[in-house]
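**Student:** Fold the stuff below for me.
(one chain, ligands or ions: 1)
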Amino acid sequence: MDAIRTVDLTKRYGDLVAVDKEDLVVEEGAIFALLGVNGAGKTTTISMLTGLTRPTSGDAYLLGKSILSDGAWIRERINVAPQQTAVAENLTVRENLELIAGVYGQPHRKAAANAERVIGEFGLAGVARQRAKVLSGGMQRRLSIAMALITDPRILFLDEPTVGLDVFARRELWDAITSLKGKVTMLLTTHYLEEVEHLADSVAVMVSGKVVASGTVADLERRSGTDTLEDAFVKLAGGSR
Ligand SMILES: Nc1ncnc2c1ncn2[C@@H]1O[C@H](COP(=O)(O)OP(=O)(O)OP(=O)(O)O)[C@@H](O)[C@H]1O
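**Tutor:** As a prediction, this is how the structure comes out:
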């Protein structure tokens, strides 16, 4: 079964078509990247898929269920790691994770067990007792993704997961995200082409709300007659600037 399938998914804001008849397919267990210049419609797509914004028309199916009619079912099985996550700075890494688990209604013992699991799975054991405010930017971002993993989601949305990180922190986070591959389906947005090359099984390029190309990185390069993703992206998205 596909993890995500969008069918003519459309969002209008007045005269502006932010997302225009979008058709995407994301296979279960894959890492899928949405690429596009500022304003292309990436965040709006995530907002619709996660139930924050209702589509104007069209539909999307997550794990086979419609976002229009099965939103509550879907929300129990997905989570989002936004760019700015409300990490409580004065709490430790473990306390932050337990707090979020509690917010999701997990009883104390389950929350503690899930925090422990995520700490192990996501490489946070070394900093589990540290307050969030002393963590490096990379570790804070890792904590914010771990907070989204606490509900054991089947689909995880990552909005520009490595923006603002230095090259080492970015690579460490790539490794952490890669370690989740196959366990959780991930849809990420990014402006970093090397991030797509490093992480994504497939990619869609959005221009002015429309998906202009999708497939593997090699597919996009072949289709645009280029041999780097950057050249392919410039060719595909070039007319949008
Ligand atoms: N609530 C809103 N009201 C009106 N217009 C909006 C709203 N949200 C987004 N838009 C517009 O919809 C278009 C798509 O925006 P969106 O944030 O989805 O793009 P994006 O690809 O995520 O861009 P970025 O890379 O800058 O995050 C933009 O033109 C934006 O100004």
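**Student:** what residues does this structure put near the ligand?
**Tutor:** With the criterion set to CB under 6 Å from any ligand atom, the chain comes near the ligand through 13, 16, 18, 36, 38-44. Just so you know, the C-beta spots here come from the backbone N, C-alpha and C atoms, and that holds for glycine as well.
**Student:** and those as CSV, adding pLDDT and neighbour count?
**Tutor:** Listed next are the residues of the chain next to the ligand as CSV, based on pLDDT from 0 to 100; neighbours: other CB atoms under 10 Å:
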residue, pLDDT, neighbour count
13, 97, 11
16, 96, 10
18, 97, 21
36, 91, 26
38, 87, 9
39, 90, 15
40, 92, 24
41, 95, 24
42, 94, 25
43, 93, 21
44, 96, 21
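**Student:** just checking, which of the residues you listed belong to strands?
**Tutor:** 13, 16, 18 (DSSP state E).
**Student:** and the second one, what are its bridge partners?
**Tutor:** Going by DSSP bridges, residue 16 is paired in beta bridges with residue 13.
**Student:** Spatially central, which residue of the protein would that be?
**Tutor:** Taking CA atoms, centre = their mean as the criterion, residue 158 is the residue nearest the geometric centre of the chain, at 2.1 Å.
**Student:** List the pairing partners of the host helix or strand of that residue within its sheet, with orientation.
**Tutor:** Using DSSP states H and E, the element containing residue 158 is strand 155-159. With DSSP bridges as the test, strand 155-159 is paired with strand 78-81 (parallel), strand 185-190 (parallel).
**Student:** deepest of these, which one?
**Tutor:** strand 185-190 (a mean of 25; mean count of other CB atoms under 10 Å).
**Student:** This structure: helices as residue ranges?
**Tutor:** Ranges of helices in the chain, per DSSP state H, are 42-49, 71-75, 93-103, 108-121, 137-149, 167-178, 193-199, 217-224, 229-237.
**Student:** Could you say which of these is packed most deeply?
**Tutor:** When those are compared using mean count of other CB under 10 Å, helix 42-49 is most buried, at a mean of 23.
**Student:** now what about that one, what contacts it?
**Tutor:** For helix 42-49, contacts defined as CB atoms under 8 Å, 6 or more residues apart in numbering pick out 4, 6, 9, 11, 18-19, 22, 24, 34-36, 53-55, 60, 62, 67, 78, 80, 157, 159, 187, 189, 206, 209.
**Student:** Likewise for stretch 223-241?
**Tutor:** With contact meaning CB under 8 Å, 6+ apart, stretch 223-241 is reached by 35-37, 40, 193, 196-197, 205, 207-208, 212-213, 215, 217, 220-221.
**Student:** Also stretch 6-17?
**Tutor:** Residues contacting stretch 6-17 (CB under 8 Å, 6+ apart): 18-24, 41, 44-45, 48-49, 53, 55-61, 208-209.
**Student:** what is residue 33 paired to in the beta sheet?
**Tutor:** Beta-bridge pairing of residue 33 under DSSP bridges involves residue 188, residue 203.
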